[in-house]
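Colleague: Sequence and predicted structure below; questions after.
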Amino acid sequence: MGKRSSKPSARVLPLIPLPVPLAILPATTIKIPIANRSDIAAILAKIYSISPTAKPDAAITIACVPLNSPDVSPLDGKLLIEDGSNKGRRENLYETDPVNATKKDIFGYACVAKVSGVQGRRQGELSLVVEGLERVRVVDVVQDRPYFEGELEAVDEFVDVDNPEFESHFNLLKQLSRELLALVRLSSILPRAPAVSLSPIVARRLELFIARKDLTEAGSLADFMANVVDCTHEEKLRVLAAVDVKERVDKVIEILQRQITNIQGSTRITVTTSALPVPTGSFDIDQLRRLQQEALQRRGMRGSNMPAGFPGGLPAGGANVGDDEPNEVDELKKRLQDAQLSPEADKVAQRELQRLSKMNPAQAEYQVCRNYLENLAEIPWTKTTADQLDAKTLIKAKKQLDDDHYGLEKIKKRLLEYLAVLKLKEHANKSLDEQIRTLADAAHPQEEKDEKEQDIEEKPTREPTEEEMRLMEKKRMVDKSPILLLVGPPGTGKTSLAKSIATALGRKFHRISLGGVRDEAEIRGHRRTYVAAMPGLVVNGLKKVAVSNPVFLLDEIDKLSTSNYNGDPSAAMLEVLDPEQNHTFTDHYVNIPIDLSKVLFIATANSLDTIPPPLLDRMETIQLSGYTTLEKRNIAERHLIPKQITTNGLHSEEVLIPTDVLDKIITAYTREAGVRNLEREVGSVCRSKAVEYATAKDTDTLAAYNPAVTLSDLDAILGIERFAEELTEQHARPGVVTGLVAYSSGGQGSILFIEIADMPGSGRVQLTGKLGDVLKESVEVALSWVKSHAFELGLAASADEDVMKSRAIHVHCPSGAIPKDGPSAGLAHTVALISLFSGKPVPPTLAMTGEVSLRGRVLPVGGIKEKLIGALRAGVERVLLPEANRKDARDLPAEVLDGLKIEFVGHIWEALGLVWPERWEGREAGWESRL
Ligand SMILES: Nc1ncnc2c1ncn2[C@@H]1O[C@H](COP(=O)(O)OP(=O)(O)OP(=O)(O)O)[C@@H](O)[C@H]1O
């Protein structure tokens with residue numbers, strides 16, 4: 001039996017056209033902006049003028065009407081008043097602004113509404129709040145100015161309550177409404193949620209509202225849902241025009257289905273059995289699963305697309321529904337499998353995977369666990385690159401090192417030794433592997449072989465015992481790479497040497513900068529309990545190179561902080577570098593032993609002084625000293641100039657730096673042990689030439705371009721000379737001696753003048769030239785020795801005469817602004833004092849270095865190579881060195897050995913014999929016993 005709502009008679013009411021996409025349905029409330037709406041003002045004015053006594057809360061009834069849309073067919077509810085002018089507007093000229101609307105723009109159905117108030121604070125934001133009451137048909141528009149007035153006819157809402165088909169449609173509408181509600185609630189708590197959220201109270205009320213609707217209220221439920229969901233203007237018009245309730249319900253079902261699909265498409269719906277976010281009320285897992293499965297079926301997805309083992313289509317843990325991305329947990333599992341974890345790591349990984357699969361992705365712990373597993377999958381547990389160790393390896397490696405670096409013979413030799421050992425070990429292990437395999441085959445002969453093959457196979461006489469196998473394993477050469485430490489001044493090629501080794505071996509290279517690392521956790525990682533914990537530098541390095549046998553350069557290990565309140569980074573390094581321990585290195589974050597024994601560590605440092613002794617003890621030190629001018633010239637010619645020419649976009653024939661220009665750059669513009677500044681200066685020269693060349697090319701004057709750089713160009717390109725070279729004096733004067741100095745910064749050596757003057761006084765000694773305590777003391781030692789031997793030296797008339805009795809002396813070392821310290825000028829001071837007191841000058845081309853003791857012995861000093869290179873540059877011809885430094889002189893570059901006459905002295909008397917041979921030659925050190 002059908003049910004019809006009562007039919008009120010036709011009436012005339014003011015019509016308020018709504019701006020597109022606004023539409024109103026019965027039982028809903030909307031806000032109509034009233035800025036610039038003269039018609040609304042007129043309606044309100046009229047109502048109050050008719051009934052000036054109307055109370056503010058008296059109900060004011062009007063009708064709200066949406067504007068026509070081109071996509072809604074006349075059958076759907078186009079205004080029945082048609083006129084000729086309407087036709088031309090069908091396609092595109094439809095009005096969307098109610099201010100300009102004419103009669104033809106009024107839609108055929110409207111909604112009688114009650115004005116419930118005005119909302120908004122400021123003038124431009126005010127809006128009229130109206131509440132839809134009933135659906136009406138617009139029979140005619142009787143007035144359009146100053147506001148529309150329409151003749152309205154109530155519609156006949158027909159509800160066929162006895163129709164089973166209608167009932168099932170109504171049930172579907174109810175179910176979809178609740179499904180949508182659940183999805184909106186669910187999606188709002190998921191990560192990457194769309195911007196929809198629903199408070200639990202509102203959700204609960206909506207739940208009840210939907211649940212309480214019965215069949216007779218199907219139309220109003222459809223109106224309500226059409227109003228709350230996101231639908232187009234046209235859809236709303238169609239719902240408004242759907243007088244037949246069944247048709248309306250079908251239309252809303254269509255809208256809801258689309259809406260649900262959209263939410264599922266944009267959100268990954270993940271349901272876990274342990275922590276299901278069920279909306280308060282009547283939702284349960286099964287219902288949700290069913291709803292989602294239905295939604296999937298509607299979208300044409302097959303059951304086969306669902307992970308197996310989950311009858312409801314929802315796996316417990318991490319399966320996402322609605323997109324084709326593979327499951328996150330499965331993906332991780334696969335990555336972990338591919339990572340070939342160590343057995344220990346595998347156990348932990350499986351445990352964590354299990355935990356992850358039970359977790360809700362919204363939990364903070366989920367991300368932590370996932371990050372950890374991702375880290376495990378990225379660590380190269382067993383992956384290695386094959387070392388290029390064939391017959392030609394050593395030749396190839398030598399060529400690589402020679403190609404990349406000039407000189408450094410000792411270091412190259414040591415590196416080649418390392419490669420040779422590695423090659424031998426690998427060869428020995430390979431043949432051992434073969435033996436073990438043969439024995440193992442003999443122990444299980446029948447495996448993988450069919451009967452026939454077995455007959456042919458020669459039977460081993462006996463099976464190997466376990467003991468034999470163990471012995472064989474013991475013979476295996478352990479791959480314990482030594483840790484090399486390259487020590488030397490900056491820019492001497494330590495980093496680039498390490499890179500060449502990696503290239504020669506065909507291994508991956510990674511640089512870990514340790515300079516300024518103050519926190520132990522930077523090396524070992526943070527424990528996983530900390531927020532944003534991460535693995536340390538070593539594990540990160542391994543992750544980056546993705547193999548377990550890279551070359552790691554531990555740069556600036558001398559700048560690593562020692563014990564402080566953040567732990568002791570240098571102690572953490574101990575475990576990394578100890579070949580006995582580093583096969584079980586444990587990072588705090590990973591917390592599983594990682595084998596670092598295959599990593600070849602090469603450390604670099606500028607000085608050994610700041611490296612803690614236990615750390616130093618674990619490394620094999622290779623010393624690199626500064627380069628001589630000749631070496632620098634060769635390095636520049638072979639490596640730096642070609643490199644800079646190409647870096648600056650030129651060809652080798654387009655820049656020519658002659659040797660004299662290069663020498664000038666080396667001596668006047670750089671003062672360093674390495675070649676970094678030299679490379680920079682050469683770069684400046686090449687850049688300037690590049691500008692010159694490009695200009696010449698652009699102006700077609702290439703013929704006039706001169707690729708050669710001249711000495712005068714240098715002044716213009718690099719500015720005025722930065723360093724004036726200390727050169728030996730031309731004239732000898734008593735009291736002035738050439739000493740030798742090695743600057744601690746830059747590792748450069750040079751000469752230094754020791755000047756002593758005497759004046760009348762009573763034994764006072766004045767020292768200037770920024771001398772350090774040790775240097776001052778060495779002057780005192782020299783003076784004491786001279787005073788005590790004044791008679792033997794012929795400086796005093798008798799043994800008890802004090803040479804300083806009536807004189808004062810002033811010792812000065814230029815350049816006065818540079819701090820100087822150290823005992824190595826002791827010999828020069830002694831000779832200078834004797835020269836002053838005896839009035840005999842010392843030849844300026846004779847330089848000396850050495851510490852003296854009170855007994856007159858000449859003791860060894862450091863920095864011989866730098867000092868001698870500096871001396872040669874300064875024009876020194878003869879050098880006196882301590883006897884004990886004879887070994888250092890063996891390593892000197894050939895140009896130094898050729899250019900300098902080096903003499904060794906063990907005692908001051910010997911030195912005096914060499915300085916003034918005419919007077920002291922043959923004098924023996926036996927005099928020391930007189931002291
Ligand atoms: N013997 C050499 N032959 C060729 N090039 C060299 C040589 N020594 C250094 N170089 C070049 O000098 C530059 C600086 O070298 P590198 O960066 O290796 O210095 P370093 O010793 O590691 O310095 P630091 O101690 O400051 O880290 C590089 O471009 C390198 O190629």
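Modeller: Arrived safely.

Colleague: quick one: Lys236 and Asn100, what's the gap?
Modeller: 21 Å (Cβ to Cβ, to the nearest Å). Using the backbone N, CA and C atoms, a C-beta is placed for each residue, glycine as well.

Colleague: Kindly report the same for Arg878.
Modeller: 108 Å.

Colleague: Of those two, give the one with the bigger neighbour count.
Modeller: Arg878 (17 against 9; other Cβ atoms under 10 Å).

Colleague: Report the contact partners of that one.
Modeller: Neighbouring residues of Arg878 by Cβ atoms under 8 Å, 6 or more residues apart in numbering: Pro843, Thr845, Leu846, Ala847, Leu900, Lys901, Ile902, Glu903.

Colleague: Could you list the alpha-carbon positions for the host helix or strand of Arg204 in CSV?
Modeller: Taking DSSP states H and E as the definition, one finds Arg204 inside helix 200-212. Extracted in CSV, the C-alpha atoms of helix 200-212 (Å, rounded to 0.1, in the frame of the first residue of the first chain):
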residue,chain,number,x,y,z
PRO,A,200,33.2,10.7,18.3
ILE,A,201,30.1,12.4,19.7
VAL,A,202,28.9,13.7,16.4
ALA,A,203,29.6,10.3,14.8
ARG,A,204,27.6,8.6,17.5
ARG,A,205,24.7,11.0,16.9
LEU,A,206,24.8,10.5,13.2
GLU,A,207,24.9,6.8,13.8
LEU,A,208,21.7,6.9,15.9
PHE,A,209,20.0,9.3,13.5
ILE,A,210,20.6,6.9,10.6
ALA,A,211,19.7,3.8,12.5
ARG,A,212,16.3,5.3,13.7
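
Colleague: Contacts for the helix or strand that that helix is followed by, please.
Modeller: Per DSSP H and E, the first helix or strand lying C-terminal to helix 200-212 is helix 218-228. The contact list for helix 218-228 (Cβ under 8 Å, 6+ apart) reads 25-28, 132, 157, 159, 166, 170, 173-174, 177, 209-210, 213, 235-236, 239, 245, 248-249, 251-252, 255-256.

Colleague: Just the buried subset of those, please.
Modeller: The neighbour-count test (16 or more other Cβ atoms under 10 Å) marks 25-28, 132, 157, 159, 166, 170, 173-174, 177, 210, 213, 235-236, 239, 245, 248-249, 251-252, 255-256 as buried among the contacts of helix 218-228.

Colleague: Now intersect the residues you listed with the helices, please.
Modeller: 166, 170, 173-174, 177, 210, 235-236, 239, 245, 248-249, 251-252, 255-256 (DSSP state H).

Colleague: from what I can see Glu179 touches Ile260, true?
Modeller: Yes - using Cβ atoms under 8 Å, Glu179 is in contact with Ile260, at 6.0 Å.

Colleague: Would you mind listing what in the chain touches the ligand?
Modeller: Residues of the chain found near the ligand (Cβ under 6 Å from any ligand atom) are 405-408, 490-496, 604, 606, 635, 639, 674-676, 679.

Colleague: can you do 5 Å?
Modeller: Proximity of the chain to the ligand (Cβ under 5 Å from any ligand atom) is limited to residues 405-406, 490-496, 635, 639, 675-676.

Colleague: could you dump these to CSV with pLDDT?
Modeller: Listed next are those as CSV, based on pLDDT from 0 to 100:
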residue, pLDDT
His405, 89
Tyr406, 88
Pro490, 85
Gly491, 86
Thr492, 88
Gly493, 87
Lys494, 89
Thr495, 88
Ser496, 88
Ile635, 91
His639, 91
Val675, 89
Arg676, 90
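
Colleague: Tell me the one of those residues nearest Lys412?
Modeller: Ranked by distance to Lys412 (Cβ to Cβ), the residues of the chain next to the ligand are led by His405 at 7.4 Å.

Colleague: Quick check, that closest one in contact with Ala498.
Modeller: No - assessed by Cβ under 8 Å, His405 is found out of contact with Ala498, at 11.2 Å.

Colleague: Between those two, point out the one with more neighbours.
Modeller: Ala498 (25 against 19).

Colleague: Apart from its chain neighbours, what residue comes closest to the closest residue to the ligand within the chain?
Modeller: The ligand sits closest to Gly493 of the chain, with a gap of 2.6 Å, by Cβ to the nearest ligand atom. Leaving aside its sequence neighbours, Gly493 sits nearest to His405 (Cβ to Cβ, 6 or more residues apart in numbering; 5.6 Å).

Colleague: mind listing what that neighbour touches?
Modeller: By Cβ under 8 Å, 6+ apart, the neighbours of His405 are Lys412, Gly493, Ser496, Leu497, Ser500, His639.

Colleague: CA atoms only: put the strand or helix carrying Glu134 into PDB for me.
Modeller: Following DSSP H and E, the helix or strand that holds Glu134 is strand 127-143. This file holds the C-alpha atoms of strand 127-143, laid out as PDB (Å, rounded to 0.1, in the frame of the first residue of the first chain):
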ATOM      1  CA  SER A 127      24.600  35.500   5.900                       C
ATOM      2  CA  LEU A 128      21.000  34.500   6.200                       C
ATOM      3  CA  VAL A 129      20.500  31.200   8.000                       C
ATOM      4  CA  VAL A 130      17.500  29.300   6.600                       C
ATOM      5  CA  GLU A 131      16.100  25.900   7.500                       C
ATOM      6  CA  GLY A 132      14.500  23.800   4.700                       C
ATOM      7  CA  LEU A 133      10.900  22.700   5.500                       C
ATOM      8  CA  GLU A 134       9.400  21.100   2.400                       C
ATOM      9  CA  ARG A 135       9.900  20.400  -1.300                       C
ATOM     10  CA  VAL A 136       7.700  22.500  -3.600                       C
ATOM     11  CA  ARG A 137       7.300  22.900  -7.400                       C
ATOM     12  CA  VAL A 138       7.600  26.400  -8.800                       C
ATOM     13  CA  VAL A 139       4.500  26.800 -11.000                       C
ATOM     14  CA  ASP A 140       5.200  30.300 -12.000                       C
ATOM     15  CA  VAL A 141       7.400  33.300 -11.200                       C
ATOM     16  CA  VAL A 142       5.000  36.100 -10.600                       C
ATOM     17  CA  GLN A 143       7.400  38.900  -9.900                       C
END
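
Colleague: Which strands and helices lie in contact with it?
Modeller: For strand 127-143, the packing partners by 3 or more Cβ pairs under 8 Å, 6 or more residues apart in numbering; DSSP states H and E come out as strand 11-17, strand 29-33, strand 60-65, strand 109-119, strand 148-154.
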